[in-house]
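Novice: Curious how this folds, go ahead:
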Amino acid sequence: PVPDAAAVAAVTASCRPVAHAAIKFTPIPKTLFPPNATPQMITACSMDRSYTLTTLLQTAYLGDPNALLGELQFAFVCFLLGQVFEGFEQWKQLVALLCHCDDALLQHPRLYLDAIATLHFQLRQTPQDFFVDIVTRSNFLTDSLRNLFSRIEQAQVTPELARRAASFKASVSKHFDWDFSLSADDADDEQPVIVDEADS
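Specialist: Residues are numbered from 1 along each chain as shown. From the prediction side, this is the model:
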């Protein structure tokens with residue numbers, strides 16, 4: 001016999017992940033700045049998360065950018081095919097981190113070339129409204145990618161990275177019908193908090 005919805009719901013609610021079998025994603029550093037950082041350094045590291053990305057690469061991925069990209073892909077597969085919420089959260093954090101760096105664009109151009117290629121093929125697998133928050137109607141991905149495209153356009157990146165970013169931007173804009181232009185009000189809303197000497 002086919003179980004009814006109530007029975008299925010009861011069984012589902014009783015399911016809990018086994019501790020030793022749970023997926024262990026790499027923790028993203030919570031501290032965005034070095035120890036004993038000055039207020040100016042705290043402000044700089046909040047605006048440019050390259051310190052966090054570099055720290056993560058060196059400590060968690062043993063200096064191998066491909067290991068980070070592998071987790072980006074693994075987390076995406078976990079939430080898209082496995083419907084693992086933790087996978088989505090990890091993917092979201094990694095994307096946000098990559099999209100909020102300036103110095104890293106110059107320090108790790110190959111990482112960004114491969115990250116853009118990875119995101120390009122990932123996003124081709126998702127429907128248009130997949131990333132829209134049903135409560136706030138906000139879209140973290142458009143905000144993150146807008147940040148990335150703006151930073152690449154303003155930085156002295158390699159011509160290859162500039163071309164790939166422009167191509168990715170055009171592809172995503174067409175696929176999702178997203179507009180990455182940023183109004184003055186939006187720009188003001190995204191400004192980080194500036195740390196003043198008097199507040200430290």
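Novice: per-residue confidence for the residue lying closest to V157 once chain neighbours are set aside?
Specialist: Closest residue to V157 apart from its sequence neighbours, by CB to CB, 6 or more residues apart in numbering: L105 at 5.3 Å. In this view, the C-beta of every residue, glycine as well, is placed from N, C-alpha and C. We have a pLDDT of 97 for L105.
Novice: Mean confidence (pLDDT) on the top helix by length along the chain, please.
Specialist: Ranked by residue count, the top helix of the chain under DSSP state H comes out as helix 159-176. For helix 159-176, mean pLDDT is 95.
Novice: Kindly report the same for stretch 73-89.
Specialist: For stretch 73-89, the mean per-residue pLDDT is 91.
Novice: Identify the spatial nearest neighbour of N66, chain neighbours not counted.
Specialist: Nearest non-adjacent residue to N66, counting by CB to CB, 6+ apart: D114, 7.5 Å away.
Novice: Next up, the contacts around that neighbour.
Specialist: Residues in contact with D114 (CB atoms under 8 Å, 6 or more residues apart in numbering) are P65, N66, L69.
Novice: With distance to S181, neighbour count and secondary structure added, can I get those in JSON lines?
Specialist: Formatted as JSON lines, these follow (distance: CB to CB, whole Å; neighbours: other CB atoms under 10 Å; DSSP: H, G, I helix; E, B strand; the rest coil):
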{"residue": "P65", "distance to S181": "30", "neighbour count": "16", "secondary structure": "helix"}
{"residue": "N66", "distance to S181": "33", "neighbour count": "11", "secondary structure": "helix"}
{"residue": "L69", "distance to S181": "29", "neighbour count": "19", "secondary structure": "helix"}
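Novice: how about CSV for these, with distance to I28 added?
Specialist: CSV is the format used below for the contacts of D114 (distance: CB to CB, whole Å):
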residue, distance to I28
P65, 16
N66, 18
L69, 15
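Novice: Nearest to H175 among the residues you listed?
Specialist: For those, the minimum distance to H175 (CB to CB) is 21.1 Å, reached by L69.
Novice: so who does the closest one touch?
Specialist: Counting by CB under 8 Å, 6+ apart, L69 makes contact with L111, D114, A115, T118.
Novice: Buried members of those residues into PyMOL, please.
Specialist: Restricted to buried positions by 16 or more other CB atoms under 10 Å, the PyMOL selection for the contacts of L69 reads:
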select buried, resi 111+114+115+118
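Novice: can you redo the contacts of L69 as CSV with distance to L97, pLDDT and secondary structure?
Specialist: Output for the contacts of L69, formatted as CSV (distance: CB to CB, whole Å; pLDDT from 0 to 100; DSSP: H, G, I helix; E, B strand; the rest coil):
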residue, distance to L97, pLDDT, secondary structure
L111, 11, 98, helix
D114, 15, 98, helix
A115, 10, 98, helix
T118, 14, 97, helix
